[in-house]
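Engineer: Fold the following, please.
(2 chains)
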2 protein chains.
Amino acid sequence: MTRVLYELAAADPERRFSPFCWRIRLALEHKGLAFEDRPWRFTDTAALAFSGSDKVPVLVEDNRPIAESSVIAAHLEAAHPDRPSLFGGQAGAALTRFHVAWTDGVLHPALVPLLLLDIHRHLAEPDQAYFRTSREARFGKTLEAVCPDPEAQLVAFRRTLSPVRAVLRAQSYLGGDAPLYADHAVMGAFLWARGVSALALLEPDDPVEGWRRRMLERLGEGSRALTSG
Amino acid sequence: MTRVLYELAAADPERRFSPFCWRIRLALEHKGLAFEDRPWRFTDTAALAFSGSDKVPVLVEDNRPIAESSVIAAHLEAAHPDRPSLFGGQAGAALTRFHVAWTDGVLHPALVPLLLLDIHRHLAEPDQAYFRTSREARFGKTLEAVCPDPEAQLVAFRRTLSPVRAVLRAQSYLGGDAPLYADHAVMGAFLWARGVSALALLEPDDPVEGWRRRMLERLGEGSRALTSG
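Structural biologist: Numbering: from 1, shown residues only, chains lettered A, B, ... in the order given. Have a look, this model is predicted:
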């Protein structure tokens, strides 16, 4: 079976920064499924046209394209039931929606004022124009106004993590003794940040930082190469 | 097997308002386990001394007292594995910690400025003094200053529910097709509110309101009597 993951990249094709793409990379590693990766850029719409999607991640398994991270994760679980489970069963899959919804709707917005300008800085030139126009329309202000003082936002960002922190005081991973897709969803946010920013998001003694380091240690070879430095 | 649940009550013993006690009531009903309930008040410390706990919920099964809602829920799951599961397995139990942590650390604090004065109003006299002193120490201001304008806080409270709302757009319950303990944890907050406040917390077309009504319809006879009116 051939398997190709299209992932969002910056000007440097090794710089991958989409939290949604990271979820799927972590999910593929979790399942022990080999894959090739293809860096893709915001303005490469032609390169994705075959898939019917205008966004990554897109996973192509035996020429069948699958788009959207939650759809891809559900597909991987259903298509590879003999591999380690991403959800720990049907109840786990239903419960994981909350971790994903919280990450999308609360954690990502808390990172936006810390990261948006850094993302822009790392993009290739045509992508910079696309990114500025689309994001300024979405947020109703300039990128500079969205990120007036990233360091000042750190305190609010760390406070946002309080429910994750409470869980990680009681157990090693959101999934319990080992990571599940819930961990990958939240870790995607930290790998997004790591891809574009040098800011230390967490205090060294934060239980979330201990978890983040354990998650980094579990990365596969290919991912490790993309997150070094 | 005899089973007794000690629950926090207001001056009117039928008025039960502890979100943590509600979780356990819903968990007992979920498991189909019969129980007697004992209303308990903040200043009734002597009545709980036998349990080693100074707080409710306390569940007593065959003379063995168990305190703290999460401990009680884990006990019910382990002691009654033949009954419908509260967590849907080991992964589900680990994942549910996040719903509980979010409810405790984010949802409850968002309700405090809407409810604290109403709670005080409904308490018996010695409890009122205890409640005012302990809560004013905890929040560092008077009850009146914590709740300057409950209606004005509604918008912020509704925004807090956004990740729950996103899940309930995709499925009927946080647990999927039927409630799990994650639902009971969040519903505990709404039953707390219902016990003391007439405020309409949710818009009629909010998916969270649809879920809240489904949860109310599932209440057992005894709980229904406590939430009428």
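Engineer: got the residues of chain A near chain B?
Structural biologist: Contact residues (C-beta under 8 Å from any C-beta of the partner chain) of chain A with chain B: A:85, A:87-99, A:101-102, A:104-106, A:162-164, A:166-167, A:170-171, A:173-177, A:180, A:182. In short, each C-beta sits where N, CA and C put it, glycine included.
Engineer: Which members of those residues occur in helices, if any?
Structural biologist: Among those, DSSP state H puts A:90-99, A:101-102, A:162-164, A:166-167, A:170, A:182 in helices.
Engineer: What's the PyMOL syntax to select whichever of the residues of chain A next to chain B are buried?
Structural biologist: The PyMOL selection below is limited to those of these classed as buried (16 or more other C-beta atoms under 10 Å in any protein chain shown):
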select buried, chain A and resi 85+87+88+91+92+93+94+95+96+97+98+99+101+102+104+106+163+164+166+167+173+174+175+176+180+182
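Engineer: surely A:E77 meets A:G89?
Structural biologist: No - A:E77 is beyond contact range of A:G89, at 10.0 Å (criterion: C-beta atoms under 8 Å).
Engineer: Okay, strands next: where are they in chain A?
Structural biologist: A:3-8, A:36-40, A:58-61, A:64-67 (DSSP state E).
Engineer: in the first one, what counts as buried?
Structural biologist: So the one you mean is strand A:3-8. Counting neighbours by 16+ other C-beta under 10 Å, one finds that the buried residues in strand A:3-8 are A:5-8.
Engineer: right, and out of these, which lies closest to A:P81?
Structural biologist: A:L5 (20.4 Å; C-beta to C-beta).
Engineer: Just the pLDDT at the closest residue to A:G89 other than its chain neighbours, thanks.
Structural biologist: Distances taken as C-beta to C-beta, 6 or more residues apart in numbering or on different chains place B:G89 nearest to A:G89, at 4.9 Å, with adjacent residues excluded. In this model, B:G89 is scored at 97, pLDDT.
Engineer: and if you look at the one 10 residues further on?
Structural biologist: What the model reports as pLDDT for B:H99 is 98.
Engineer: The closest residue to A:D12 other than its chain neighbours: what's it in contact with?
Structural biologist: Using C-beta to C-beta, 6+ apart and skipping the chain neighbours, the partner closest in space to A:D12 is A:H122 (7.2 Å). Applying C-beta atoms under 8 Å, 6 or more residues apart in numbering or on different chains to A:H122 gives the contacts A:10-12, A:15, A:17, A:195-196.
Engineer: now these in a markdown table, with distance to A:E144, neighbour count and pLDDT?
Structural biologist: A markdown table is the format used below for the contacts of A:H122 (distance: C-beta to C-beta, whole Å; neighbours: other C-beta atoms under 10 Å in any protein chain shown; pLDDT from 0 to 100):
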| residue | distance to A:E144 | neighbour count | pLDDT |
| --- | --- | --- | --- |
| A:A10 | 19 | 22 | 96 |
| A:A11 | 20 | 13 | 96 |
| A:D12 | 23 | 12 | 95 |
| A:R15 | 22 | 18 | 95 |
| A:F17 | 19 | 23 | 94 |
| A:G195 | 21 | 25 | 93 |
| A:V196 | 16 | 21 | 95 |
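Engineer: farthest pair in the residues you listed?
Structural biologist: Top of the distance list for the contacts of A:H122 (C-beta to C-beta): A:A11 and A:G195, 12.2 Å.
Engineer: So what's the residue count around the closest residue to A:V100 other than its chain neighbours?
Structural biologist: Of all residues not flanking A:V100 in the chain, A:A185 sits nearest, at 4.8 Å (C-beta to C-beta, 6+ apart). A:A185 is flanked by 28 other residues according to other C-beta atoms under 10 Å in any protein chain shown.
Engineer: What of A:R213?
Structural biologist: Count around A:R213 with other C-beta under 10 Å applied: 12.
Engineer: same question, A:M187
Structural biologist: By other C-beta under 10 Å, 26 other residues sit near A:M187.
Engineer: give the contact list for it.
Structural biologist: For A:M187, the contacting residues are A:22-23, A:26, A:179, A:212, A:215, by C-beta under 8 Å, 6+ apart.
Engineer: tell me which of those residues is nearest to chain B?
Structural biologist: Using C-beta to the nearest C-beta, A:P179 comes nearest to chain B of these, at 10.5 Å.
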